[in-house]
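1. Fold the following for me, if possible:
(2 chains, ligands or ions: 3)
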Amino acid sequence: MAWIVKNSATQQIDKRDEPYLDDTLRAELEAEIIPRYPTRQAATLPVLHALQHKHHWLPHQALAEAAGFLGLHPSEVLDTATFYEDFRLQPMGQYLIMVCQSLSCELMGHTSLVDALRDKLGIEPGGTTDDGRFTLLTVECLGSCGTAPCALVNETLHESLTIENLDKVLNELP
Amino acid sequence: MSLQEPVLCQRIPTWPWGDPADRHLIGLDEYLSTGGYAALDKALAMQPTEVIAAVKESELRGRGGAGFPAGMKWGFLPPEDGKQRFLTVNADESEPGTFKDRLLLDFDPHLLLEGIAICMHACRLDTAYIYIRGEYHAQAKTLQKAVDESYKHNVFGENSKLGRINDRAPQCYVHRGAGAYICGEETALLESLEGKRGWPRNKPPFPAIAGAFARPTIINNVETLAIVPAIIDRGPAWFKSMGKDRPEGAPPAVPASFGPKLYGISGHVNRPGVYEDDLGIKVSTLIETHGQGMRGGKKFKGAIPGGISMGILGPDQYDAELDFDIGKKYGCLGLGTAGVIVMDEDTDMVAVARNICRFFSHESCGQCTPCREGTGWMYKLLTRIEAGGGTSKDIDLLLELSGSMGSMPGTTICGLADGANWAVRTIVNKFRADFEAKVRKKPHSRLRVLPVGVG
Ligand SMILES: Cc1cc2nc3c(=O)[nH]c(=O)nc-3n(C[C@H](O)[C@H](O)[C@H](O)COP(=O)(O)O)c2cc1C
Ligand code: SF4
Ligand code: FES
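-> Numbers count the residues shown, from 1 in each chain, chains lettered A, B, ... in the order given. Ligands and ions are numbered 1, 2, ... in the order given. Okay, the predicted model is just below:
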């Protein structure tokens, strides 16, 4: 929810010595991404994407490092990061199952998928299994309404889902 | 009236011309060997102003939702001042029911790139950003590959065949969004591109004057740009031979609907998918011919004409023509993205309205109170009505709330609230019986007046 203020102030920030934005990634971004834009701030989304792709979520330390790299105040990067659904400010399960709940998918029976996942994984949407393997989320339209219902599992889209083939997709994950 | 040959889908097998099972990614070599980039060469032999004039003459209207005439938008740009000017391509496609741009991105990305290059030449724009929604992971990769190929083919880059524009080498970049529907709104897109939260801007200034990085900027939808090569190649007259003219004798202010259009069809039909046809085909044709009829032989109850922002068509509007005049004629907001969602007789319209309000409440950026609070309250009211706990007063409250939010009542910055407004108002008005059936006629009488014993 874009306008909900997310928990951030007065929060203890876990620090580690090893940077999230390491020298290799820094050099890569400096060469490939920064020259594309007239301001460094414009590279915020690409930088956050790169960090999240590498670490699977965005710890506050990573946001602060990104701010340093972009020449911004950490609060500016936090302000941007909290707005976007895709940026994960908490650790997530190894596999993120994002089931579409918008109109075409509801008309085609997404509810039964979510119910089946609840039963199978023993979690509610928003929850993560105890072994840290799966996080279940319900999301809005994935641009795949013609092959509804559908779900993203990490970066892979699965279309025309039934309870059986979704089960198969999950069982076959490494 | 139906389209003779595919235009946007000329290389993408689509019924009735080809079998979608044969679809594959068109790489640079195949694109070139099938006549690709010829229109760009033709445009480059023309003066930029001639290209704009051709697009104006074609009366091409934007395919992203608002239907604004593309040539007119291009004409709003101020004269060049030697500094950077931008094209931002709207590939944010997040409106429920809409999945048409994805077809082009999946299979024929060079068609978009050719349109981009022609637009940059015509409008003297040196840098293009393709803003693609974050969830389109595979499409972003495909697109990046095509962009790399186009650089090798000197469409963009140091040796670009466009020459230098504003004393710069023309560049084209893919920029990924991060899961926010509102970033499809053009000024929210610009804020997001600049690395900020996607908050729509107050207008004016319009992007053509002060857009990305406060510089002149053109924003167009993927499909709008992808049709431009065909217009340049075959001319405005050919383009206007397709689609639908304004009614005879109507003033030029009435929108004409020329050209082919991608239609998405989803919901309760036998063969959902993206189809190309003339602008102005009937909903019934779309369902019966392209969608192969209602699923399970059920009866048609209603359809969303083009993404859930557009309101709804009722059971007596089965023959509505899908053109830019649909709003006025059939009591909905407009054609939108032409992503049609079809619902059969078993559909509960209270649930449909509830689903739509949850979407808008979730995606509101929160800047304007009527939108942020109103969508949330409507969602709560609808949830209550659906669960059987509503009263008939709630229905009126829904109409009152929805009628007071939006850029047309003048209470919000952008059009997201208008989408929620039109969806709720048209669903309640056209399917009031569904709502009446679920509510109690009288409010709960929890407080009862008891006779007081005196003495
Ligand atoms: C809330 C909202 C969401 C929008 N989302 C999109 C979108 O995802 N894609 C798009 O092309 N246009 C979208 N638009 C329309 C754009 O603001 C803009 O009109 C369009 O990109 C202009 O391109 P066109 O003239 O080629 O259609 C949206 C508008 C609003 C108000
Ligand atoms: S209308 Fe809604 S989405 Fe648009 S600017 Fe206002 S609060 Fe944001
Ligand atoms: S409604 Fe689910 S993908 Fe569009």
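2. can you pull the contacts of the residue in chain A that ligand 1 sits nearest to?
-> Per CB to the nearest ligand atom, A:Gly143 is where chain A lies closest to ligand 1, at 9.2 Å. Any C-beta I mention is one placed from the backbone N, CA and C, and that applies to glycine too. Counting by CB atoms under 8 Å, 6 or more residues apart in numbering or on different chains, A:Gly143 touches B:93-94, B:98-99, B:102, B:133, B:135-136.
3. what's around the residue of chain B found nearest ligand 3, how many residues?
-> Closest to ligand 3 within chain B is B:Pro96: 4.6 Å, counting by CB to the nearest ligand atom. By the criterion of other CB atoms under 10 Å in any protein chain shown, B:Pro96 has 31 neighbours.
4. And A:Glu30, by the same measure?
-> 12.
5. Return the distance of it relative to ligand 2.
-> 34 Å (CB to the nearest ligand atom, to the nearest Å).
6. Pull the contacting residues for that residue.
-> For A:Glu30, no contacting residues are found, by CB under 8 Å, 6+ apart.
7. Look at it and tell me its secondary structure.
-> helix (DSSP: H, G, I helix; E, B strand; the rest coil).
8. just to revisit the earlier point, just checking: which of the contacts of A:Gly143 also lie near ligand 3?
-> Here nothing survives when the contacts of A:Gly143 are matched to ligand 3 using CB under 6 Å from any ligand atom.
9. Show the pLDDT at the closest residue in space to A:Leu89 that isn't next to it in sequence.
-> Ranked by CB to CB, 6 or more residues apart in numbering or on different chains and with sequence neighbours excluded, the top spatial neighbour of A:Leu89 is A:Leu58, at 5.7 Å. Looking at A:Leu58, its pLDDT stands at 97.
10. how much space is there between A:Leu58 and ligand 3?
-> Distance from A:Leu58 to ligand 3, by CB to the nearest ligand atom: 25 Å.
11. where does the residue of chain A closest to ligand 1 fall, helix, sheet strand or coil?
-> Applying three-state DSSP to A:Gly143 yields a three-state assignment of coil.
12. what does B:Arg358 give?
-> helix.
13. residue farthest from the centroid of chain A?
-> A:Pro38 (27.1 Å; CA atoms, centre = their mean).
14. what's the burial count for B:Lys152?
-> Neighbour count of B:Lys152, defined by other CB under 10 Å: 10.
15. measure it to ligand 2 for me?
-> Distance from B:Lys152 to ligand 2, by CB to the nearest ligand atom: 40 Å.
16. what's the closest non-adjacent residue to that residue?
-> Using CB to CB, 6+ apart, the closest residue to B:Lys152 is B:Leu28 (7.6 Å).
17. ok but A:Asp119 is inside a strand, no?
-> No: with three-state DSSP as the criterion, A:Asp119 is located in helix rather than a strand.
18. still on that earlier bit, for the residue farthest from the centre of chain A, which non-adjacent residue is closest in space?
-> A:Pro38 sits nearest to B:Phe213 (CB to CB, 6+ apart), 5.0 Å away.
19. What ranges does chain A have for its helices?
-> A:23-32, A:44-55, A:60-70, A:74-83, A:103-107, A:110-121, A:163-171 (DSSP state H).
20. Just to check, A:Gln101 is in contact with A:Glu140?
-> Yes: counting by CB atoms under 8 Å, A:Glu140 is a contact partner of A:Gln101 at 6.8 Å.
21. if we can go back for a sec, now that we have the contacts of A:Gly143, can you turn them into a markdown table and tack on secondary structure, pLDDT and neighbour count?
-> Shown next, in a markdown table, are those (DSSP: H, G, I helix; E, B strand; the rest coil; pLDDT from 0 to 100; neighbours: other CB atoms under 10 Å in any protein chain shown):
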| residue | secondary structure | pLDDT | neighbour count |
| --- | --- | --- | --- |
| B:Glu93 | coil | 97 | 28 |
| B:Ser94 | coil | 96 | 24 |
| B:Thr98 | coil | 98 | 30 |
| B:Phe99 | coil | 98 | 28 |
| B:Arg102 | helix | 98 | 24 |
| B:Arg133 | coil | 98 | 27 |
| B:Glu135 | coil | 97 | 27 |
| B:Tyr136 | coil | 98 | 25 |
